[in-house]
Every structure is written in C-alpha cells, then in structure tokens.
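[1] Generate coordinates for the sequence data below:
(one chain, ligands or ions: 1)
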Amino acid sequence: MSEPVRQALARPHLWLTTRDPARPASPIGIPSSAVFIHRLNRAFATFVGLPLHEGKRWHFSTHQGRKTFARFVGKRDRTGLHALQMHFGHVSRIMTDRAYVGTDFELAELIGKEALEETRAALEELLTAPNLAGAAGRMLASRSRFRGRTRDGEVSAYVDFILRDSGMVLGVCDWGYCVYRREHSACQGDEAGPNPAQRTQSVCVRCANFAVTERHRPIWEDRRRRNRALLEHPQLDRESRQLAEQRAAECEQILAELDRGAKHAE
Ligand code: SF4
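    You can find the predicted model right below:
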C-alpha cells in the first residue's frame, strides 16, 4: 500500500505514508500507533464492512495485526501464504519468513508459538491420515498405530510426547509437510531448517523427510495439469519437454501414492 510513496522518496520504511491521503504531495511520515488505530477503526472497518462481534462493534488494535502476521509466518503448511507474500510485495518467500522479525524478540517468540501449534496439528494429521505420500509419509503410514483413527486424547498425548522428547518443529513446505531431519535433507538444510534456496517440488519428492496428505492433493493435481498442458505445445524444445515430462511424472508418483493409500483405507 505504501509502495508508491516509498518509490517517490527512495526510502525503505514499510509504513511510510503521506500524512493526508487526499493530498499525495502532503508531508511524508511514519504514522504513530494512534493514527493506525484511528484509521483501522474508521475507514478500514467501513471498507471491509466489519460485522458486529457478539452484538458489539469490534475494536481493532495493532497487536491483533502482529498475531495474524505471526500466524502466517509460523505456518508450516504454506499453501495459503502466497497472498501474504504478494501483500508484502516480496519476490522471495525467504523474505516473508525472516526479514520482518529482525531483533523483535517478542514477535519471534509469537512466531515460534504459532509454529509449534501448527506442528502439533500437522503431526496429528500425519499420524491419523489414512493415506500419505512421500518417503516420510510412507514411513509414518507404516508405523503409526493411529492410522485411520479420529484424533483423540491418546493421539494428542503421543504428539505431546514427540514434541517434548525431540523438540521437533516441522520444516516449512509449500507443497507437503517436511518432517525435518537435517541428515536426510535433500535440499541441504542446516540446523535452522530446510534450505529455501534449494527447496523445490522436484527436490522434495526425492527427500526422505517429505510427506504429503490429502490436503496437498490439489497442488500436485494442478502441477500435473500445467505440465501436461505444456507438453501439448508444438514448439516446446527438447530440454523443456524433458523437464515437463519429469515434473508430470513426479506428480503422477505422489498422486498414485495418495490413491493407493485411499484404496487401502476402504
Ligand atoms: S527437500 Fe526435504 S528437507 Fe528440504 S524442504 Fe523438502 S522435504 Fe524438507
């Protein structure tokens, strides 16, 4: 939202804005929290048609924005993150993940909490899912005694035990779950987690840490559709054709594993 003003002044501040939105040439500044709260609860609330909450008008605060931001950044399953990335105008997801935290330890802690909650939910899903794909998915499917069961107290207690015992947090992944163990990391991650520069769908497919659930099926179906459409193109050169064939085959492999699991569960 503030990009035009940043460009006009060649200044990097995220929240840079004109003091008077009706007069773009008016003095530039970084608005105070009070200004934000005023704008959120007036113009923004009207713009989004904010519904009443328990019969009362909801009061926005900037703190709510931090929590929402932390929830998105802490998300291990990034299938819904693309919109946020666009919103912040970053080319790379690495930026969205790390750049804003800086030395803000309270925000880092908030993100850590959200990441743990998401890890808990994802582990419960992985332990109970009737069908899983990917090497880690196959491993979990063959070993989990909770497979095909509904989530209950016993599953939660077991997840608590795993988290307490291993301190495990799932790696970030946009197209599945990353049951991160550094020694098996095909993207050559470090102690902090997967290596975002090398983490691609093709690399994850070959990685022992990778697990896919039904939640991720649409991503793989979409990727197969796009690559099959590319193969229809009459002027596709040999290298591009090979790449599209390889990618379509990877999608076939993941989707076939999910289908096999679904049949097994019937
Ligand atoms: S390559 Fe492996 S370790 Fe890296 S993100 Fe993918 S699943 Fe995780």
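
[2] so where do the strands sit in this protein?
    For the chain, strands defined by DSSP state E occupy the ranges 17-18, 28-29, 177-178, 210-211.

[3] Show me what the third one is in contact with.
    Defining contact as CB atoms under 8 Å, 6 or more residues apart in numbering, one finds that strand 177-178 is touched by 76-77, 122, 126, 136-137, 170-172, 194, 204, 207, 209-213. (C-beta placed from N, C-alpha, C; glycine too.)

[4] ok, and of the residues you listed, which contact the ligand?
    For the ligand, the contacts drawn from those by CB under 6 Å from any ligand atom are 171, 194, 204, 207, 209-210.

[5] Need the residues you listed in TSV (columns: pLDDT and neighbour count).
    Formatted as TSV, those follow (pLDDT from 0 to 100; neighbours: other CB atoms under 10 Å):
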residue	pLDDT	neighbour count
Gly171	78	26
Pro194	86	24
Cys204	95	26
Cys207	95	25
Asn209	92	26
Phe210	94	26
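
[6] Just these: which are in helices?
    Members of those lying in helices (criterion: DSSP state H): Cys204.

[7] got the ones next to the ligand among the contacts of strand 177-178 as CSV, with distance to Asp104 columns?
    Putting these into CSV (distance: CB to CB, whole Å) gives the following:
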residue, distance to Asp104
Gly171, 23
Pro194, 23
Cys204, 30
Cys207, 32
Asn209, 29
Phe210, 32
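
[8] ok, of the ones next to the ligand among the contacts of strand 177-178, which one's closest to Asp222?
    Nearest to Asp222 among those is Cys204, at 15.7 Å by CB to CB.

[9] I'd say that closest one and Ala135 touch.
    No: contact criterion CB atoms under 8 Å: Cys204 and Ala135 do not qualify, at 9.7 Å.

[10] Now do the shared contacts for those two.
    Joint contacts of Cys204 and Ala135 (CB under 8 Å, 6+ apart) are Phe210.

[11] Nearest residue to His216 in space, ignoring adjacent ones along the chain?
    Excluding its sequence neighbours, the residue lying closest to His216 (CB to CB, 6 or more residues apart in numbering) is Gly176, at 5.1 Å.

[12] neighbours of that neighbour, just the number please.
    27 (other CB atoms under 10 Å).

[13] Got phi/psi on it?
    Per-residue torsions, Gly176: phi 170, psi -160 (degrees, to the nearest 10).

[14] what sits against it?
    Contacts of Gly176 by CB under 8 Å, 6+ apart are 133-134, 137, 204, 210-213, 216.

[15] Who wins on neighbours among these?
    Gly134 (30 neighbours).

[16] Hmm, that one is touching Arg206, no?
    No: counting by CB under 8 Å, Gly134 does not reach Arg206; the two are 9.8 Å apart.

[17] Ser32: neighbour count?
    Using other CB under 10 Å, Ser32 has 9 other residues around it.

[18] Pull stretch 195-215 out as PDB, backbone CA atoms only.
    What follows is stretch 195-215 as a C-alpha-only set of coordinates in PDB (Å, rounded to 0.1, in the frame of the first residue of the first chain):
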ATOM      1  CA  ASN A 195      17.500 -24.600   2.700                       C
ATOM      2  CA  PRO A 196      14.900 -22.300   1.000                       C
ATOM      3  CA  ALA A 197      17.300 -21.700  -2.000                       C
ATOM      4  CA  GLN A 198      17.300 -25.400  -3.000                       C
ATOM      5  CA  ARG A 199      13.900 -26.400  -1.800                       C
ATOM      6  CA  THR A 200      11.700 -27.200  -4.800                       C
ATOM      7  CA  GLN A 201       9.000 -29.700  -5.500                       C
ATOM      8  CA  SER A 202      11.300 -31.900  -7.500                       C
ATOM      9  CA  VAL A 203      13.900 -31.900  -4.700                       C
ATOM     10  CA  CYS A 204      11.300 -32.600  -2.000                       C
ATOM     11  CA  VAL A 205       9.800 -35.600  -4.000                       C
ATOM     12  CA  ARG A 206      13.200 -37.300  -3.700                       C
ATOM     13  CA  CYS A 207      13.700 -36.400   0.000                       C
ATOM     14  CA  ALA A 208      13.300 -38.800   2.900                       C
ATOM     15  CA  ASN A 209      11.800 -36.000   5.000                       C
ATOM     16  CA  PHE A 210       8.800 -35.400   2.700                       C
ATOM     17  CA  ALA A 211       5.200 -36.200   3.400                       C
ATOM     18  CA  VAL A 212       2.000 -35.400   1.500                       C
ATOM     19  CA  THR A 213      -1.500 -35.600   2.800                       C
ATOM     20  CA  GLU A 214      -4.900 -35.200   1.000                       C
ATOM     21  CA  ARG A 215      -4.700 -31.500   2.000                       C
END
